[in-house]
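> Following is a predicted model, sequence given first.
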Amino acid sequence: MSSIMELRDVTRCFDSNTVLDHVSIKVEQGSFTALLGASGCGKSTSLRIMAGLDRPTSGEVLLNGRDVRGQNAYERNVAMVFQSYALYPHLTVAQNIALPLTMRHLSNLGRMPLLGSFVPGATEARRTIMNKVVDAAKSLGLEELLDRKPGSLSGGQKQRVALGRALVRDPALFLLDEPLSNLDARLRIRMRSEISSLHRLTGKAFVYVTHDQTEAMAMADQIVVMIGGQVAQAGSPRDLYERPVHRDVAAFIGHNAINFLEPGDGINAGDSIVGLRPEDLTPNTAGSLSAKLEASEYLGSEIMLSLRSRRGTEFRAIAPGDYIVPTIGSDIRLAYEPQRVHLFDAVTGKRKSGVKHEAVT
Ligand SMILES: Nc1ncnc2c1ncn2[C@@H]1O[C@H](COP(=O)(O)OP(=O)(O)OP(=O)(O)O)[C@@H](O)[C@H]1O
């Protein structure tokens, strides 16, 4: 498959501050790529460079295989959706959605409400634009709101208008910068599936910036994990969950924070750090790992157990919802599948393979 967008060895410095450090990212045609990482890791800067709103200090930016470093944002066929919606408060929903088309297809005079009708071709152009606006509004459930002003809309509706404005441009690439972070948790989940549907509907590539791993896991087919201005790992959600190349990636991915156990915590893996997810560790009287039970949280379908190793490390395990929780303070045994153990170098944090590990009983 060919890339619609590629950052090739991009570095971006602001004075002496290197914000992107030799970043390479490939976005395939029609894919959904999430740029995931903590605040300040360089996600937005990468997206702005893709959009043409910022330029790399060195490295290449390829849109459809062509170097676009010399092109401004408006010359690239990409649409960007911001967290802040960036809507014009004095324009109606229809006018906000139509804006990129009116700017492109109507002259200053043609845009004027009355005089515009005397400009040759303007009426026809307006009709075409209105049809596109109505189509976009239909696919986003905004038909009823076309005459309203942004001030009277909810956060979710405003974000839909911002998406509509991107949609009417029929761009080659959609760039979305934390578009859901101003919404409450329930609406975020709903909008998440709406954005996924929009992606399927358009068949275009989406690049989506987020610091929320759940969002990235739920929507993306490629996740690019960025740490400190570098790409730590790029791959499918499953790759990243099952084979994180670094302990920091392992710590970032997964609904429950992964446990890191050190030598002496009960699993002998030489001097490696052992990564074991709570969902891969469960109470079992025949289990090989022993720990003190410190607390339990009943979550309905499962019970989250907080434990402490004999060396003093805190970690967590998950028991099924019908597990009879022993007295707090007692020692319990836990089992895990050996293939679910991740081993990381204690110094570099890099994933190790081929190192044996066994429980110390
Ligand atoms: N115009 C600028 N001038 C100086 N420093 C900047 C500029 N833009 C970004 N930075 C710095 O670059 C770093 C990366 O910023 P960026 O916005 O790309 O991070 P991010 O991962 O998107 O973070 P967030 O999730 O908080 O938006 C930050 O330390 C930021 O302060």
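Done, it's in. Treat the numbers as computed from the prediction; the structure is a model and nothing was measured.
> what's the neighbour count on the residue in the stretch 101-250 of the chain positioned nearest to the ligand?
For the stretch 101-250 of the chain and the ligand, the shortest gap (CB to the nearest ligand atom) falls at residue 211, measuring 5.2 Å. (Each C-beta comes from the backbone N, C-alpha and C, glycine too.) Residue 211 is flanked by 17 other residues according to other CB atoms under 10 Å.
> Residue 330 too?
9.
> Identify the bridge partners of the nearest residue to it once chain neighbours are set aside.
Leaving out its chain neighbours, the residue that sits closest to residue 330 by CB to CB, 6 or more residues apart in numbering is residue 293, at 5.7 Å. Beta-bridge partners recorded for residue 293 (DSSP bridges): residue 307.
> Could I get the contacting residues of residue 293?
By CB atoms under 8 Å, 6 or more residues apart in numbering, the contact set of residue 293 is 305-307, 325-332.
> quick one: average pLDDT of stretch 306-313?
For stretch 306-313, mean pLDDT is 94.
> measure that stretch end to end?
Using CA to CA, to the nearest Å, the end-to-end distance of stretch 306-313 comes to 11 Å.
> What lies in contact with it?
Contacts of stretch 306-313 (CB under 8 Å, 6+ apart): 260-262, 264-266, 290-297, 314-317, 332, 334.
> which residues in this structure form helices?
When secondary structure is read from DSSP state H, the chain shows helices at 43-51, 93-105, 122-139, 155-168, 185-202, 213-219, 237-242, 247-252.
> My guess is residue 60 contacts residue 67. True?
Yes - contact criterion CB atoms under 8 Å: residue 60 and residue 67 qualify, at 5.8 Å.
> For residue 37, grab phi and psi.
When read as degrees, to the nearest 10, the backbone of residue 37 gives phi 170, psi 170.
> Sort out which one of the contacts of residue 293 lies nearest the ligand for me.
residue 306 (29.8 Å).
> If any of the contacts of stretch 306-313 are buried, put those into a PyMOL selection.
Typed into PyMOL, the line below selects the buried ones among the contacts of stretch 306-313, using 16 or more other CB atoms under 10 Å:
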select buried, resi 260+261+262+265+266+290+291+293+296+315+316+317+332+334
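> Can you name the residues of the chain sitting close to the ligand?
Proximity of the chain to the ligand is confined to 14, 17, 19, 37, 39-45, 211 under the rule CB under 6 Å from any ligand atom.
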